[in-house]
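Enquirer: Let's see this in three dimensions:
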Amino acid sequence: MEYNVGKPDFNILRLGHIEYLVTDLARARDFYVDVIGLFETERDDDHVYLRAIEDREHHSVVLTRSAAPGVGHFSFRVSCEEDLDRLARKFNDLGCPIRWLAPGEERGQGRALRVQDPLGFQVEYYASMDQAPWMLQQYHLHRHGCPTRLDHLNVLVPDAQKGFDWYTRELGFYCSEYTQSAPPEDKVYGGWLYRKATIHDIAVMTGKGPTVHHAGFSVLEPMGIIRACDALAAAGYADNIERGPARHGISNALFVYVRDPDGNRFELYTGDYLTVDRDQVPKRWELDDPRRQSLWGSPPPRRWFEESMAVMSLETGEPMPTAAPLSRAIPNYVD
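Expert: Predicted coordinates for the structure are as follows:
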């Protein structure tokens, strides 16, 4: 596939953090810290700020008290403060709702721009964040799966081709892998898109949207997946293991998908590859090839395809309305 990578006047570096909405903040904190193995940086009455063992910034996950679960916002780090102003001009020209956050309004974070992007997601852009103690070699404090970083997001939109074009042409993302229908339609149904040097910071998929399917956390090595599953089962969360362990065709990653006590979904994964050479040709997957989902392992359950996380409106704070996909879906699930 030939595609156009835009050359915007701003520089997005990587995925930054995700905000999970949770109904019981104490329960969610204990789940992500004591069972999954993230580290608490700070908390207040309505938020808990978490980070993984490679993180040097204040947080990569925010747990926010809410009446219903879902995703409040997700963020990307940019290279400098001037990039925020350039992004603001872009979104103003597009007529998108925007809001500036003052330094510290989100704990530990500098000035930030929050927008409702053309796909319907509440996205935050920031250039600086307070430093936090680096846990990489604090081996005596590591537990269970030891998530190393927030690696990527997978989002669903009714028209994945539109989402693909937005991220590549307008925001300057590169593509590592994609699924595409055969001619004459010849349409992108999913794209794995990156700014950092791994296969994706965000994957844009065809589905009911705008919604977030999952956030993905990297772990150090394959046994981290098994240790995480053991910890979940021992803590009474065996039924929260939704899919896997198994290996994806796309990304080559060994994975397990987990639902938190509120039903928010995340993935623990390891074994993907570098994408340092920006001129590499993206790998194409046939839409009907089941190996793209599972190179090996049991097929996903139906809910893995049919359930995703609501995203909030920047203007109202309520869940964004969703629309059905414009194209067919090719599930490979079991009941």
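Enquirer: thought residue 275 was touching residue 195?
Expert: No: between residue 275 and residue 195 there is no contact under C-beta atoms under 8 Å: 9.8 Å. In short, each C-beta sits where N, CA and C put it, glycine included.
Enquirer: Common neighbours of the two, please.
Expert: The contact sets of residue 275 and residue 195 overlap at residue 174 (C-beta atoms under 8 Å, 6 or more residues apart in numbering).
Enquirer: What does residue 7 show for phi and psi?
Expert: Backbone torsions for residue 7, taken as degrees, to the nearest 10, come to phi -120, psi 70.
Enquirer: Can you read off the pLDDT for it?
Expert: Per-residue pLDDT puts residue 7 at 96.
Enquirer: burial of it, as a residue count?
Expert: 7 (other C-beta atoms under 10 Å).
Enquirer: contacting residues around residue 38?
Expert: When contacts are counted by C-beta under 8 Å, 6+ apart, residue 38 touches 32, 50-52, 61, 147.
Enquirer: Let's see if you can find the most crowded of those residues.
Expert: residue 147 (31 neighbours).
Enquirer: Tell me how far that residue lies from residue 227.
Expert: 11 Å (C-beta to C-beta, to the nearest Å).
Enquirer: per-residue pLDDT, residue 291?
Expert: On the pLDDT scale, residue 291 gets 85.
Enquirer: again, but for residue 110
Expert: Value for residue 110, per-residue pLDDT: 98.
Enquirer: Now it: closest residue in space, sequence neighbours ignored.
Expert: residue 128 (3.7 Å; C-beta to C-beta, 6 or more residues apart in numbering).
Enquirer: just residue 6 next, same as before
Expert: residue 169 (4.5 Å).
Enquirer: So that neighbour, which state does it fall into?
Expert: helix (DSSP: H, G, I helix; E, B strand; the rest coil).
Enquirer: Tell me, how many residues neighbour it?
Expert: Residue 169 - counted by other C-beta under 10 Å - has 15 other residues nearby.
Enquirer: now residue 75
Expert: Neighbours around residue 75, by other C-beta under 10 Å: 25.
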